[in-house]
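1. Return atomic coordinates for the entry below.
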Amino acid sequence: MKTETKEYSFINLLFFTIGSFVVMALTLAFFYGIVLIVDPLLSLDQVPMDTIRQIIAVVLLLLYGLVFFSKIRDDLKAIFLAGPLAFGAFTGYLMYYETPLVALGISAFIILLVAFLFFQYKKPWYYYYVILLSIVGMLILR
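-> Down below sits the predicted model:
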């Protein structure tokens, strides 16, 4: 039987906050690296940014699925969620940015789906805190 920490100490919040924003920054750096690789191969008007962004978002979310079911510590799993979730929600928003309500609806659906899955798997509080941090990260990107 495993015991979960219920401690909401300042150190825990700082650990999850810094870790989540570092993962989000690394995710954006990864995306920018892909763009820098693809950009010289194609002319500027031929770079399909939307397609590249959507493929990377799907790949990141699938990779997180592998992390979620791995034997990595739960707190690290939660931190690794921040980048793919913020990037996926941001990509969902950018797909329909011309109609803001639809764009926000898609982002909200992605975030609520992840929260529902965590609720179903009875995940501890810090998963939901990282979801909140991902929302903040997505809003900063917007």
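
2. so residue 87 sits right up against residue 58, yeah?
-> No - under the criterion of CB atoms under 8 Å, residue 87 lies out of contact with residue 58, with a separation of 10.3 Å. Bear in mind the C-beta positions are built from the backbone N, C-alpha and C, glycine included.

3. So for this structure, the centremost residue is which one?
-> Relative to the mean C-alpha position of the chain, the nearest C-alpha, by CA atoms, centre = their mean, is the one of residue 85, at 2.0 Å.

4. how deep is the closest residue to it other than its chain neighbours tucked in, by neighbour count?
-> Excluding the flanking residues, the one nearest residue 85 by CB to CB, 6 or more residues apart in numbering is residue 134, at 4.2 Å. When neighbours are counted by other CB atoms under 10 Å, residue 134 registers 27.

5. tell me what the helix or strand where residue 134 lies is packed against?
-> Secondary structure assignment for residue 134, by DSSP states H and E: helix 125-141. Helices and strands in packing contact with helix 125-141 are listed as helix 10-41, helix 74-95, helix 100-120; criterion 3 or more CB pairs under 8 Å, 6 or more residues apart in numbering; DSSP states H and E.

6. Quick one: residues contacting the residue nearest to the centre of the chain.
-> Under the criterion of CB atoms under 8 Å, 6 or more residues apart in numbering, the neighbours of residue 85 are 61, 64, 110, 111, 114, 130, 131, 134.

7. hang on, the earlier thing: which parts of the helix holding residue 134 are buried?
-> Using 16 or more other CB atoms under 10 Å as the burial criterion, the residues of helix 125-141 that qualify are 126, 127, 129, 130, 131, 133, 134, 135, 137, 138.

8. Sweet, I'm off.
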